[in-house]
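Novice: mind folding the following:
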Amino acid sequence: MSNEYNIYIDETCHLEHDGIPVMCIGYIKLPKENYKGLTDKIRKLKLKYHNPTEIKWNKLSMSRIALYKELIDLLFASSMQFRAVLVKRKDRLNNALYNENDHNIFYYKAAFYLLRYDVLPTATYRVYFDIKETYATQRLKKISEILDRVCGIGRFTHFQNIKSDEIEFVQLADLLIGAIGYRSRDDIVKKSVVKNELIKYIEFKAGQSLDQKTEKNNTKFNIYDFPLRSE
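Specialist: Here you go, the predicted model:
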């Protein structure tokens, strides 16, 4: 097995004042040597179900529920691993007290908890973020500095912003964090048939509810429920 890993990260509801109470950031991790083979498998599945375009949680179609389920099957049957950091009440964050009055500081903390977990002693990691904001480059530099300081220089060898429509693993991360965020919301009526069915299927495969944390030793499918300090 390779000692080099690729990590593909996406985030949802991460803005401070978007009116949504939850935030979720998550990754798909895989051995670098398996990148091409797994990419080909995902693209073949998309072609099988006549879905050559980008897969996104907010654009799910009931006519393609079989595709989404096969993607989840592939995750659990392959060398891919998933991890997420879930913040259930980001509106209760006390940024003035704990995050230097800057929501971006909290973002760095969430990204650190996401990436610091399960770092193998002899492995190196290449990290790819779905690009969203104009200050994304500054974010990469800051996260790189933090990880170098904590994990040692050279463990995380590469950071890059990428476009989600070009990388299947970012799309899969988007699908999973979207499901976790939707499942964890208590401010909406969850009427979407396709989203509810897909959540039920992911929970069946994972053996747990998507709004609950997993055991620490679960490296295949891991959810970290971020503890808030509000006062």
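Novice: any regions of this structure where pLDDT drops low?
Specialist: 1-2, 13-19, 92-104, 132-136, 228-231 (pLDDT under 70).
Novice: ok, residues contacting stretch 211-218?
Specialist: 86, 88, 180, 183-184, 206, 208, 221-225 (CB atoms under 8 Å, 6 or more residues apart in numbering). Bear in mind the C-beta positions are built from the backbone N, C-alpha and C, glycine included.
Novice: centroid residue for this protein?
Specialist: Gly26 (1.7 Å; CA atoms, centre = their mean).
Novice: mind giving me the packing neighbours of the host helix or strand of that one?
Specialist: Using DSSP states H and E, the element containing Gly26 is strand 23-31. Packing partners of strand 23-31 (3 or more CB pairs under 8 Å, 6 or more residues apart in numbering; DSSP states H and E): strand 4-12, strand 81-87, helix 103-116, helix 168-184.
Novice: could these be laid out in TSV, adding distance to Lys32 and mean neighbour count?
Specialist: As requested, those are exported to TSV (distance: least, CB to CB, whole Å; neighbours: other CB atoms under 10 Å):
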stretch	distance to Lys32	mean neighbour count
strand 4-12	4	23
strand 81-87	13	24
helix 103-116	16	18
helix 168-184	12	24
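Novice: include distance to Ile42 when you put the ones you listed into JSON lines, please.
Specialist: Converted to JSON lines, those look like this (distance: least, CB to CB, whole Å):
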{"stretch": "strand 4-12", "distance to Ile42": "12"}
{"stretch": "strand 81-87", "distance to Ile42": "14"}
{"stretch": "helix 103-116", "distance to Ile42": "22"}
{"stretch": "helix 168-184", "distance to Ile42": "4"}
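Novice: out of these, nearest to His158?
Specialist: strand 4-12 (9.0 Å; CB to CB).
Novice: which residue, neighbours along the chain excluded, lies closest to Asn3?
Specialist: Leaving aside its sequence neighbours, Asn3 sits nearest to Ala123 (CB to CB, 6 or more residues apart in numbering; 4.7 Å).
Novice: tell me the contacts of the one you found?
Specialist: If you count contacts by CB under 8 Å, 6+ apart, then Ala123 has 3-5, 155 around it.
Novice: what is the nearest of these to Val22?
Specialist: Scanning the contacts of Ala123 for proximity to Val22, where the rule is CB to CB, the winner is Tyr5, at 27.5 Å.
Novice: quick check: that closest one touching Val127?
Specialist: No - judged on CB atoms under 8 Å, Tyr5 makes no contact with Val127 at a distance of 9.3 Å.
Novice: distance of Tyr27 from Tyr117?
Specialist: 10 Å (CB to CB, to the nearest Å).
Novice: neighbour count: these two, which is higher?
Specialist: Tyr27 (30 against 14; other CB atoms under 10 Å).
Novice: tell me how far the residue nearest to Asn3 lies from Gly178.
Specialist: For Ala123, the distance to Gly178 - CB to CB - is 28 Å.
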